[in-house]
Each structure stands twice: as C-alpha cells, then as structure tokens.
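# What would the 3D arrangement of this be:
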Amino acid sequence: MKNYVQDGHTIDLTNPGSAVIASGTPVAVGDVLAIAIADIAVGETGTGLTTGVVQLPKLAADDIAQGKTVYFKSGKIQLDATGATVAGKAWQAAGANATFVLVRLNG
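Model (predicted):
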C-alpha cells in the first residue's frame, strides 16, 4: 500500500519542559495519552506508546470498575473527565485506596 505510514502504536514526544520525562511517564498529546518508552531529555524527542495495557497511578478516592472509561489529569488516572485527557479503559477493577490501575490506552 503506497500510503501506509506506520502502525500507530507509538507517537513522537518532544520534551519542551525543564525536566527529563522519565520512562513510563504518561504524557497527554492533544487528546491522546502516550507513555514515554525511554527517558526524554529536555528539548529532545523520544517515543511514546499509544496502545497496550499499562499500570498507571490513580486517584486513590476513585473506585474504578473494570471496563470503565478513565481519564488522565494531574498525573493520575481518575473517573472525572473535567479538564482531563481520555486515557482509555480500566483493564481491571481498582477500588478506592488502590494507588494503581491497569489501563488499556486510548481504547
């Protein structure tokens, strides 16, 4: 196919900040959530994973049911969509006081 570009499982991430983006860090790119595959130095470009299931920190107060749409805001996965980026679907339940949840990215 002449117009194929890539599989879409990754996206380029540019670090415009003042600190390294550590491997495993969630980064919102518009309406897409990507996970830095390796450390990305300030001013450099690296690769972010956009598909698959990853373990991410969650808002402890939220009781997240399996299959529920979840959102990323202020470094945490949560149920409230206000001002947040869609992260994907909860791959398994994570009750209140759980600190992490498995998320199927952008699903």
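# is it true that residue 53 touches residue 92?
No. With contact defined as Cβ atoms under 8 Å, residue 53 does not reach residue 92; the gap is 9.1 Å. Where C-beta positions appear, they are placed from N, C-alpha and C, glycine not excepted.
# At which residues are the strands of this protein located?
Using DSSP state E, the strands found in the chain span residues 10-14, 26-29, 32-36, 45-49, 53-57, 69-73, 76-78, 85-90, 100-105.
# Let me know the angle separating the fifth one from strand 69-73.
So the one you mean is strand 53-57. 50 degrees (axes from the mean of the first three to the mean of the last three Cα atoms, to 10 degrees).
# ok, back up a step: any common contacting residues for residue 53 and residue 92?
residue 102 (Cβ atoms under 8 Å, 6 or more residues apart in numbering).
# Looking at the strands of the chain, which is nearest to residue 4?
Among the strands of the chain, the nearest to residue 4 by Cβ to Cβ is strand 10-14 (14.9 Å).
# and that closest one with strand 45-49, angle?
Following the same axes, to 10 degrees, one obtains 140 degrees for the angle between strand 10-14 and strand 45-49.
# Please name every helix or strand in contact with strand 10-14.
Strand 10-14 makes packing contacts with strand 26-29, strand 32-36, strand 45-49 when contacts are defined by 3 or more Cβ pairs under 8 Å, 6 or more residues apart in numbering; DSSP states H and E.
# 6 Å - rerun?
For strand 10-14, the packing partners by 3 or more Cβ pairs under 6 Å, 6 or more residues apart in numbering; DSSP states H and E come out as strand 45-49.
# could you dump the strand it packs on to PDB, C-alpha only?
Extracted in PDB, the C-alpha atoms of strand 45-49 (Å, rounded to 0.1, in the frame of the first residue of the first chain):
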ATOM      1  CA  THR A  45      12.200  14.000  21.100                       C
ATOM      2  CA  GLY A  46      11.500  10.400  22.100                       C
ATOM      3  CA  THR A  47       8.900   7.800  21.600                       C
ATOM      4  CA  GLY A  48       5.600   7.300  23.400                       C
ATOM      5  CA  LEU A  49       3.500   4.100  23.500                       C
END
